[in-house]
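A.B. asks: Here's my sequence, what's the structure:
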Amino acid sequence: MFALIGRKAGGPRGRSQALYLGAEERRVLPRPLRRVFRFCVSLATGRIHIPAHTGTVSAAGFFAAVGLYGMSLGGHGQAVAQATTAAVGFAIEDVRVSGNDQTSEIDILQLLGLDGTTSLVALDIDSARRKLSALPWVQYAEVRKIYPKTIEVMLKERQAFGIWQHGSELSLIEKNGSVIAPLRDNKFASLPLFVGRDAEAAAASFEDALSGWPELKNRVKAYVRIAGRRWDLHLDNGVVLKLPEGNVAKALAMLAKLEKDQGVLERDVAAVDLRLEDRTTVQLTPGALDRRREALDARSKALKKLGEQS
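C.D. replies: This is a model prediction of the structure:
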């Protein structure tokens, strides 16, 4: 009986008690380190097989990573990526541009830096769009990649409405008054000329106000803004129409009546002042004024002679 009890004490129950007591006496590794410890034991005992040349490949990968990190810190990553992708067949060879009436294709290529070796993969579309939108005539730009070697540029350009003279400078303006670019040639000579401070901002609304008098509008060569409040119209025959600050329609109606009844704009007139509602003042040209003075002198002499004879 004693032997049976002794075997039971050394059996499974006894071993579990012994392990339990031993576990309390020794330290247990934290759970995250157990797998690492097991891997190291397996590696040391040869239970894990390492392929040949693993060390060489790992070293090459390590040096490649260090090189890429160094290029990134030095700012050469983009250049290396561009050169690499261009060398394998992604160099931009075809550029399709549309919507550019005033913008030169050469300016577009130079602005984007396309020199025949630029990589389509490395091209920054957002940066290219921002650069193109900064061109004077460009209102909106869209850039698309067409693999493997083509880039498509689509532009929407601003429309010139008139010429604005401010001081000695001439600039092309949009209908909303925004300046497009300086006037460089005479290809826009047919556009209306607006002169003076704030003339570019008020140009469109005033020209629209003249739509009811198309014959007069066709004869205007320059719209001159006076003190930012009113307009003088310079006609093709040199006559200056001085318009009021307000109620321009009434003043133009009065001018139309004078032109119909007396042909005032076809005479030796330098200016027609329409600023006052109750009267119209006509300024003669210097030659007409001299002739008028001569006529008045001759009339005075004739009257004087008649008086002496009587």
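A.B. asks: If you count contacts, what does the stretch of helix or strand Q110 belongs to end up packed against?
C.D. replies: Using DSSP states H and E, Q110 sits in helix 105-112. Helix 105-112 makes packing contacts with strand 94-98, helix 125-133 when contacts are defined by 3 or more CB pairs under 8 Å, 6 or more residues apart in numbering; DSSP states H and E. The C-beta positions use only the backbone N, C-alpha and C, and glycine is treated the same way.
A.B. asks: could I get these as CSV with distance to D208, mean pLDDT and mean neighbour count?
C.D. replies: Below are the helices and strands packed on helix 105-112 laid out as CSV (distance: least, CB to CB, whole Å; pLDDT from 0 to 100; neighbours: other CB atoms under 10 Å):
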stretch, distance to D208, mean pLDDT, mean neighbour count
strand 94-98, 32, 92, 12
helix 125-133, 29, 94, 15
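A.B. asks: JSON lines for those, including distance to T150?
C.D. replies: What follows is these, written out as JSON lines (distance: least, CB to CB, whole Å):
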{"stretch": "strand 94-98", "distance to T150": "4"}
{"stretch": "helix 125-133", "distance to T150": "13"}
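A.B. asks: Show me what counts as buried in the helix holding Q110.
C.D. replies: For helix 105-112, the neighbour count (16 or more other CB atoms under 10 Å) marks 108-109, 112 as buried.
A.B. asks: V153: which of the helices and strands packed on helix 105-112 is closest?
C.D. replies: strand 94-98 (4.7 Å; CB to CB).
A.B. asks: what residues does that closest one touch?
C.D. replies: 105, 108-109, 114, 149-155 (CB atoms under 8 Å, 6 or more residues apart in numbering).
A.B. asks: Restricted to buried residues, select those residues in PyMOL.
C.D. replies: Entered in PyMOL, the line below selects the buried ones among the contacts of strand 94-98, by 16+ other CB under 10 Å:
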select buried, resi 108+109+114+151+153+155
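A.B. asks: measure V239 to D126 for me?
C.D. replies: 55 Å (CB to CB, to the nearest Å).
A.B. asks: F206 now?
C.D. replies: Separation of F206 from D126 (CB to CB) stands at 40 Å.
A.B. asks: Now do the helices in the chain.
C.D. replies: Using DSSP state H, the helices of the chain run over residues 2-9, 12-25, 31-45, 54-74, 77-85, 105-112, 125-133, 199-209, 214-219, 248-262, 286-309.
A.B. asks: per-stretch mean pLDDT over these, give me the minimum one.
C.D. replies: Mean pLDDT per stretch puts helix 2-9 lowest among the helices of the chain, at a mean of 40.
A.B. asks: Report the separation between the closest residue to T150 other than its chain neighbours and L120.
C.D. replies: Using CB to CB, 6 or more residues apart in numbering and skipping residues adjacent in sequence, the residue nearest T150 is D94, 4.4 Å away. Noted for D94: a distance of 10 Å to L120, by CB to CB.
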